[in-house]
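*Asks:* From the sequence below, what's the structure:
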Amino acid sequence: MTKRPLEILDQVLNGQPVIISLKGGREIRGVLQGYDVHLNLVLDRAEEQVEGKVEKRGTLIVRGDNVIYISPSVE
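*Replies:* The predicted structure is shown next:
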């Protein structure tokens, strides 16, 4: 049976870390806490690699129209 994209997001909700690729070449890693049909995301323990250093961002809300893809993170 084929799953819908939002059903796949439900599987990683409050669980494993995800990588979010954003417009402008940014990538953020964190634990998905919630989302809506517009793909607005709430990430906990978010961090971003900037100029070779990992910077902790804490809890973030990411606007859905900036998201290119969401992928499970390998940690």
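*Asks:* Just list what the helix or strand where Gln33 lies packs against, helices and strands only.
*Replies:* Element membership for Gln33 (DSSP states H and E) is strand 27-35. Using 3 or more Cβ pairs under 8 Å, 6 or more residues apart in numbering; DSSP states H and E, the elements in contact with strand 27-35 are helix 5-12, strand 17-22, strand 41-50, strand 53-62. Where C-beta positions appear, they are placed from N, C-alpha and C, glycine not excepted.
*Asks:* how about those in CSV, adding mean neighbour count and distance to Leu32?
*Replies:* Below are the helices and strands packed on strand 27-35 laid out as CSV (neighbours: other Cβ atoms under 10 Å; distance: least, Cβ to Cβ, whole Å):
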stretch, mean neighbour count, distance to Leu32
helix 5-12, 12, 6
strand 17-22, 18, 5
strand 41-50, 17, 6
strand 53-62, 12, 10
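*Asks:* of the ones you listed, which approaches Ser71 most closely?
*Replies:* strand 17-22 (4.9 Å; Cβ to Cβ).
*Asks:* What pairs with the closest one, parallel or antiparallel?
*Replies:* Partner strands for strand 17-22, per DSSP bridges, with pairing direction: strand 27-35 (antiparallel), strand 67-72 (antiparallel).
*Asks:* And the pLDDT at the residue nearest the centre of the chain?
*Replies:* The centroid of the chain falls nearest to Ile20 when counting by Cα atoms, centre = their mean (3.9 Å). Here, the pLDDT recorded for Ile20 equals 93.
*Asks:* Please apply the same query to Ala46.
*Replies:* As predicted, Ala46 sits at a pLDDT of 95.
*Asks:* Start at 19, not 1
*Replies:* With 19 as the first residue, the last one maps to Ala64.
*Asks:* can you tell me which residues contact it?
*Replies:* Contact partners of Ala64, counting by Cβ atoms under 8 Å, 6 or more residues apart in numbering, are 46-48, 74-78.
*Asks:* would you list the helices and strands packed on strand 45-53 in JSON lines and tack on distance to Pro90?
*Replies:* Shown next, in JSON lines, are these (distance: least, Cβ to Cβ, whole Å):
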{"stretch": "helix 23-30", "distance to Pro90": "6"}
{"stretch": "strand 35-40", "distance to Pro90": "6"}
{"stretch": "strand 59-68", "distance to Pro90": "14"}
{"stretch": "strand 71-80", "distance to Pro90": "17"}
